[in-house]
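Asker: Compute the structure for the input listed below.
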Amino acid sequence: MSAVATGVWGRAEQQDFRSRVRGALLGAAIGDALGAGVAGLGTDEIRAAYGPEGVTDLVPAHGRRGAVTAVTQLTLFTVDGLIRAQVRRDTGAWHPPTDVHRAYLRWAATQRDWGPDERRKDNGWLACEEWLYVRREPPKASLLGLGDQLMGTLDAPKNPTADDAGALSRSAPFGLLVGWEPQLVCQLAVECAAQTHGHPVGYLAAGAYAVIVHGLARGETLDTAVERAAALIAPRPGHEPVTEALTAALGAVRQGVPGPERVAALGDGHRADGALAIALYCALVAEDIRHGLRLAADHDGPSPTTAALTGALLGALHGETALPPAWLAELEGRPTVLELADDFAMEMTQGPALHGPTSSSPAWLTRYPRA
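Answerer: Residues are numbered from 1 along each chain as shown. Below is the predicted model:
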């Protein structure tokens, strides 16, 4: 597996890329936060609590407005793993699935430890963020798959019956590897999903979603990105439910005024294919990001997951400035998300200047150790 370079980045290209990275990661986080406030509630319960239009603003969850769940936690550790993979490439020991797996193991430690252990020099900075050391509805399959040091692979996946959206929901960062060819993005997302979700629906949905985010981050339309994703997963065994989900999302756009009924017809979101279909539909019909996120949260399924998936799509499509500022202002962990987003953008555009053969930044290698 190897990346395909995009050549020299111009300043305008760098700024656009950073805006899309910020948009995707912040969009996913605010979607997660919006959905967290209504997690576990059905459409009727949401309407009873918040009125006929459903949830229209951030509401308290986990003791505060703007709180995020394991969806955001795992997404951040995916980014951390991808940066570490690029840094380790200098050593010749380059295998991104291994580096992402190590990052997921660092996340797993946050789910069982009281706080960061700063004595471990290989932790890097993200694992020392104390606010991440909380349990916020972590996917069961993720906890089980990361319960030991053994890395699941496509040949020997962890949790072969896990078809929920736990791996899908953390896969947007793979799509931000805009210098990679789409098929390589798909392969990496699939391999990393199999580390915890071994059912084809679980890992192929993650691969398809990563390809869609990749297309948006490169300036393509959502329709074009979906068509490419469908083509790339079609040759893989067990693709049919995911392919049907992509087709259903595109077809639902033409079936009338968007609403919870249209969303419900795409599935309940508990399986990865249904969650993918819901997120795509909500992104396709969104009047703006706020509208798309509200639609993605106002249904009977896992609202944090579907709203986060929708937020990453719309954020990658429109960039950070299109995100609702009032929601961003209340977002838990916003400084961390921004810092990580900017580090990812800098690594992908300026990596050789940070840790290349002729120059290196000791501070960068402390943040993202090669070990």
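
Asker: Only C-alpha atoms from now on, for both contacts and neighbour counts.
Answerer: Noted.

Asker: give me every residue that touches the nearest residue to residue 218 once chain neighbours are set aside.
Answerer: Counting by Cα to Cα, 6 or more residues apart in numbering, residue 178 is the residue found nearest to residue 218 once chain neighbours are left out, at 6.3 Å. By Cα atoms under 8 Å, 6 or more residues apart in numbering, residue 178 lies in contact with 214, 217-218.

Asker: where's residue 178, which helix or strand?
Answerer: Assessed by DSSP states H and E, residue 178 sits outside every helix and strand.

Asker: same thing with residue 336?
Answerer: Applying DSSP H and E, one finds residue 336 within helix 334-355.

Asker: can you pull the buried residues of that helix?
Answerer: Residues of helix 334-355 classed as buried: 334, 337-338, 340-352, 354-355 (neighbour count, 16 or more other Cα atoms under 10 Å).

Asker: circling back: can you put the contacts of residue 178 in a markdown table and add secondary structure and distance to residue 71?
Answerer: As requested, those are exported to a markdown table (DSSP: H, G, I helix; E, B strand; the rest coil; distance: Cα to Cα, whole Å):
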| residue | secondary structure | distance to residue 71 |
| --- | --- | --- |
| 214 | helix | 19 |
| 217 | helix | 20 |
| 218 | coil | 24 |
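
Asker: what about the residue nearest to residue 218, distance to residue 116?
Answerer: The spacing between residue 178 and residue 116, counted by Cα to Cα, to the nearest Å, is 32 Å.

Asker: Check residue 29 too.
Answerer: 22 Å.

Asker: Compare these two and say which one has the larger neighbour count.
Answerer: residue 29 (33 against 20; other Cα atoms under 10 Å).

Asker: Distance of residue 148 relative to residue 351?
Answerer: Residue 148 sits 32 Å away from residue 351, going by Cα to Cα.

Asker: what do you get for residue 110?
Answerer: From residue 110 to residue 351 the distance is 28 Å (Cα to Cα).

Asker: Do a quick rundown of the strands in the stretch 51-200 of the chain.
Answerer: Shown for the stretch 51-200 of the chain, no strands are assigned by DSSP state E, counting those that start in this stretch.

Asker: Check the residue nearest to residue 237 when sequence neighbours are not counted and give its pLDDT.
Answerer: With Cα to Cα, 6+ apart as the criterion, residue 237 has its nearest non-adjacent residue at 7.6 Å, and that residue is residue 200. pLDDT recorded at residue 200 is 98.

Asker: again with the one 5 residues further on
Answerer: Listed pLDDT for residue 205 reads 98.

Asker: Contacts only, for it.
Answerer: Applying Cα under 8 Å, 6+ apart, the residues contacting residue 205 are 168, 242, 272-273, 276.

Asker: Check those and tell me the two furthest apart.
Answerer: 168 and 242 (11.6 Å; Cα to Cα).

Asker: Secondary structure class of the closest residue to residue 263 other than its chain neighbours, three-state.
Answerer: Distance criterion Cα to Cα, 6+ apart; nearest residue to residue 263, sequence neighbours excluded, is residue 278 at 5.9 Å. Assigned with DSSP: H, G, I helix; E, B strand; the rest coil, residue 278 falls in the helix class.

Asker: Check the burial of residue 278 by counting its neighbours.
Answerer: 34.

Asker: doesn't residue 295 make contact with it?
Answerer: No. Look at residue 278 against residue 295 with Cα atoms under 8 Å: they stay out of range, at 9.2 Å.

Asker: Give the intersection of the neighbour lists for these two.
Answerer: residue 263.

Asker: Can you give me the end-to-end span of stretch 171-188?
Answerer: 10 Å.

Asker: My understanding was that residue 229 contacts residue 209; is that so?
Answerer: Yes. With contact defined as Cα under 8 Å, residue 229 counts as touching residue 209 (7.4 Å).

Asker: quick one, what contacts residue 82?
Answerer: 96, 99-100, 174.

Asker: nope, residue 340 is what I meant
Answerer: Contacts for residue 340 were tallied using Cα under 8 Å, 6+ apart; they are 76, 79-80.

Asker: Got the confidence number for it?
Answerer: 98.

Asker: same check, this time on residue 123
Answerer: pLDDT at residue 123 comes out at 83.

Asker: what's the burial count for it?
Answerer: Counted with other Cα under 10 Å, residue 123 comes out at 20.

Asker: For residue 315, see how far away it is.
Answerer: Look at residue 123 and residue 315: by Cα to Cα, they are 29 Å apart.

Asker: Residue 252 too?
Answerer: Relative to residue 315, and taking Cα to Cα, residue 252 is found at 22 Å.

Asker: ok, now which ones touch the residue nearest to residue 188 when sequence neighbours are not counted?
Answerer: Leaving aside its sequence neighbours, residue 188 sits nearest to residue 97 (Cα to Cα, 6+ apart; 6.7 Å). By Cα under 8 Å, 6+ apart, the contact set of residue 97 is 188, 191-192.

Asker: For those residues, which entry has the maximal number of neighbours?
Answerer: residue 192 (30 neighbours).
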